[in-house]
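Asks: how would this look folded up:
(chains A and B)
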Amino acid sequence: MATSTSRLNTKLIPAPFFPLANKKIDGISKMSIKTEKYVPYLLVLPALVLVFGLTLYPLFHALYYSTRDTDLTSPIPDTFIGINNYRKMLNFDSTLSDAYVRSLTFTAGCLVLQIPLGLGIALLLNRPIRGHKIFRAIFAMPLVVAPIAIGQIWRMMYHYEFGVIKYLVSSVFGTSPNWTADPNWAMISIIIYDTWQWTPFVALILLAGLQGLPPEPYESATIYGASAFQKFRYITLPKMRPLIGLAAIFRMIDTLKTWDPIWAITWGGPGQATETLSYYLYRIGFRYFWVGYASAVSLVFLYIVIVVSTVALRKGAKL
Amino acid sequence: MTISKKMISAIAAIIIVIIIVAVVAVVYYKPPTERKVTWATIAGFYTDWATKISENFTKKTGIKVEVIGIDYSVMYEKQMIELAGKTGAYDIVTIETMTLSEWANAGWLKNLTPYIDKTPVAEINYTDILEHYRWVLKWGGKVYGLPYYTYDQGVHYRADLFENLTVKQWYHDWAANPALRDAKLEDLTNWPVVLKELRKPNHQMNFSEFENIARFFYEEKRDPSLYGIGLMAGPVESNDEWMAIMWSLGGDHFDANYNIIVNATEGVRAMEIYMRLLKFAPPGALASSYDEVVAQMQAGKIPMTGPFYLDQWPNMVKTEDKISGAKMECGTPVGGRGYIGCFALGIDAASKRPDDAWEFLKWLTGPEGQYSFAKGGGTTCRRSVLLNPEFDPVVNPATRRYTAHYKAVWDASQLWLQTAPTWQKPPRVFKIPVAGKMYLETKIRIGAIAAGQATPKGGMDQVALAYATILGWGYPVPSMTPPTGWQRPPAD
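Replies: As a prediction, this is how the structure comes out:
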């Protein structure tokens, strides 16, 4: 109410509801109504400056550059080229379309693994086991490490000659894939890494949801002789569905943007086997310095992420 | 909500005070009197050494040097962001040979020629710098970089294996008897007798012999953990290996008229040879960089490298500490030509202290600095230091672990001078302003070929197409020849 008051037409409000209309209250000089009406704007100004400076300005700047042939390494001044960057992107850049496919593959792979695993871990942690707080802390540890730093360690863990992963897999199965060097396995390597790092995030979200579930339906189900699986299938899962959807949306948005573990583990290789859209953007933007083209690609990428996440959020809200 | 006049007055007073303080600070600000330059360089060994060596410079001149260590993997873009933004954050930048033309063409580097001209010869001795570096560090006849660290290529090998009489006999028997070998590979029946003997790899060896040696160690190994060759076939350095083979076969990225010929016979054949060598490398080769090859050598997994950075000798020689009886040696590159690689120093055109920057640059890359560098285990780019008897292990065995590769560096540099045609001095690619981008693109495509995602011919066609696209030669279908109006790089 307090915030909406300032937007009301002060002429329609009786004096007791708008004390600043009086020139003097309790002997203190007050601002005039004329001055006071600017106060709300002043209060939101810092937030506006932040939003404009950190979000809108870069966005408009990217829009501006997306219509130019800016190459930071070229001594020739850039020129306006209209929608040519977009035309090039849509018609002639096969690398980009391949990168889109890889991004979607990576996202799908991560979601397929992380959501069920996260739910499983959350169900386990939700049980009254001794030392559950320690387990939770251990599960959350991958979340706090920097992907660049830990990615370098994973790169060595995956190495065919020196890596512990190859050793362990060979011990169990007698053979091991050449994880990061085989184009068929490189993307799977990144998905496994991402699952290791981000499944705890899903688990923590779902654990919070599980702990908020009311006990009554379970008590009734127990009385009627429902099995543990039936309780999970008909009570837990339906009630958890919105939260699972939310966790999936968070992870989807994040995996679409993933760049750092790819850089640390495979450098987008072998060849271009793990070059996702964000990695491709990094290459053309920060290695080739084609700022104009990179802006166009990043804007289209941004629109796609916005549309996909909006649709997913709306779908999630209906669940 | 109420705001009293007192409150407004107080806020106004605070703002006024802040403005007054800011104005006073600006008016009375005195720049620091100490002379200091910043130097962006590679983090790690290089930074430690650089910090140590720059202290000597500070003692001599009073100019402090702030060494900013940057991880090599991001050094290129981090420096470029500052250079493009004209921030002058780094007075001295570290330049890779493939990027000099791009940076000089963009106007990011200061022309060093006037500085060199006014500096006494004893201090700079420009012609003492190996000639092939002088080729690649010029743009339009002007010098934009001076080298301080070379990573020219040669070959490292386990001399104990190549000298072992039993191993030599095995090789002799293997080479003399086709039945012992896979018939699909090169037949040695008609080879001269000398080639049927196990020889240490060097520039006199051709790639057929080199392949067969790799194959011999791979197939005939009595030690099951031994592979045939160590290759850096990961996504970072594989193109340096391929380029060495391609140049050795007489190929190049561009011909004398700047037509793209990277996908011509030599380029494709170089890739085919590389793929055959890859069969004899440890399976992790596809994810390996130079660090892993050093580790493979130290673990006794490989008897020799492919075209490999000679500056890694101090690390390679540690194999002798880890494997009993091991004896390391290095030599000129097989086929005669390796990648022309060095780190050079240039001055940021936006530097606010170019004269002080020059003082440091001149000292570090000059005879005195390079001598100190060599004493500290670095690989110099100067003739006088490379050929200094003090660093010759024959004369001074104590330096063997740090400088035994100097002779190979010198010989490899001379091979370029002696064998390359005039138009290829230097290869045209070094003079293309977008060479840095093409270098990255080549890495990707060669990585794809090595990983089996493309055939050598198909992959090299992709490289050629990528070059033409980056050069902007035709749109949407790029041309392999320079279009009319394309401005050729200025002649040196």
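Asks: For the stretch 1-150 of chain A, give me the ranges with low pLDDT.
Replies: Low-confidence segments of the stretch 1-150 of chain A, defined by pLDDT under 70: A:1-34.
Asks: and whichever residue of the stretch 1-150 of chain B sits closest to chain A, how many residues sit next to it?
Replies: Minimum separation of the stretch 1-150 of chain B from chain A (CB to the nearest CB) falls at B:A84, amounting to 4.2 Å. No exception for glycine: its C-beta is placed from N, CA and C like everyone else's. Look at B:A84: counted by other CB atoms under 10 Å in any protein chain shown, it has 17 neighbours.
Asks: Not counting its neighbours along the chain, what's nearest it?
Replies: Among residues not flanking B:A84 along the chain, A:L72 sits closest, at 4.2 Å (CB to CB, 6 or more residues apart in numbering or on different chains).
Asks: try A:W259
Replies: Per CB to CB, 6+ apart, closest to A:W259 is A:S278, 4.2 Å.
Asks: Please tell me how far that neighbour sits from A:P261.
Replies: 11 Å (CB to CB, to the nearest Å).
Asks: With A:I150 instead?
Replies: Taking CB to CB as the measure, A:I150 falls 8 Å from A:P261.
Asks: Mutual contacts of those two, please.
Replies: Both A:I150 and A:P261 are contacted by A:Q197, under the criterion CB atoms under 8 Å, 6 or more residues apart in numbering or on different chains.
Asks: The two: which has the busier surroundings?
Replies: A:P261 (23 against 19).
Asks: can you pull the contacts of B:A412?
Replies: So B:A412 contacts B:152-154, B:203, B:310, B:332-333, B:338 (CB under 8 Å, 6+ apart).
Asks: mind checking which helix or strand it is in?
Replies: Per DSSP states H and E, B:A412 falls inside helix B:406-419.
Asks: where's that helix relative to the chain centroid, distance-wise?
Replies: Computed by CA atoms, centre = their mean, to the nearest Å, the chain-centroid distance of helix B:406-419 equals 15 Å.
Asks: same question for it, mean pLDDT?
Replies: Helix B:406-419 comes out with an average pLDDT of 94.
Asks: Render the CA-only coordinates of that helix in CSV, please.
Replies: Provided in CSV are the C-alpha atoms of helix B:406-419 (Å, rounded to 0.1, in the frame of the first residue of the first chain):
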residue,chain,number,x,y,z
TYR,B,406,71.1,-24.7,-28.7
LYS,B,407,73.0,-26.4,-31.5
ALA,B,408,69.8,-27.8,-32.9
VAL,B,409,68.1,-24.4,-32.6
TRP,B,410,70.9,-22.8,-34.5
ASP,B,411,71.0,-25.6,-37.2
ALA,B,412,67.2,-25.5,-37.6
SER,B,413,67.3,-21.8,-38.2
GLN,B,414,70.0,-22.2,-40.8
LEU,B,415,68.1,-24.9,-42.6
TRP,B,416,65.3,-22.4,-43.3
LEU,B,417,67.8,-19.9,-44.7
GLN,B,418,69.4,-22.6,-46.9
THR,B,419,66.5,-24.5,-48.2
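Asks: Tell me the first helix or strand C-terminal of it.
Replies: Next element after helix B:406-419 (DSSP H and E): helix B:435-450.
Asks: Just the CA atoms from that next one would do, formatted as PDB, please.
Replies: Coordinates of each C-alpha in helix B:435-450 appear next as PDB, following Å, rounded to 0.1, in the frame of the first residue of the first chain:
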ATOM      1  CA  ALA B 435      47.100 -15.000 -39.700                       C
ATOM      2  CA  GLY B 436      46.200 -15.300 -36.000                       C
ATOM      3  CA  LYS B 437      42.600 -16.200 -36.900                       C
ATOM      4  CA  MET B 438      43.700 -18.600 -39.600                       C
ATOM      5  CA  TYR B 439      46.100 -20.300 -37.200                       C
ATOM      6  CA  LEU B 440      43.200 -21.000 -34.800                       C
ATOM      7  CA  GLU B 441      40.900 -22.200 -37.600                       C
ATOM      8  CA  THR B 442      43.600 -24.600 -38.800                       C
ATOM      9  CA  LYS B 443      43.900 -26.000 -35.300                       C
ATOM     10  CA  ILE B 444      40.200 -26.900 -35.300                       C
ATOM     11  CA  ARG B 445      40.200 -28.500 -38.800                       C
ATOM     12  CA  ILE B 446      43.400 -30.500 -38.200                       C
ATOM     13  CA  GLY B 447      41.900 -31.600 -34.800                       C
ATOM     14  CA  ALA B 448      38.900 -32.800 -36.700                       C
ATOM     15  CA  ILE B 449      41.000 -34.700 -39.300                       C
ATOM     16  CA  ALA B 450      43.100 -36.300 -36.500                       C
END
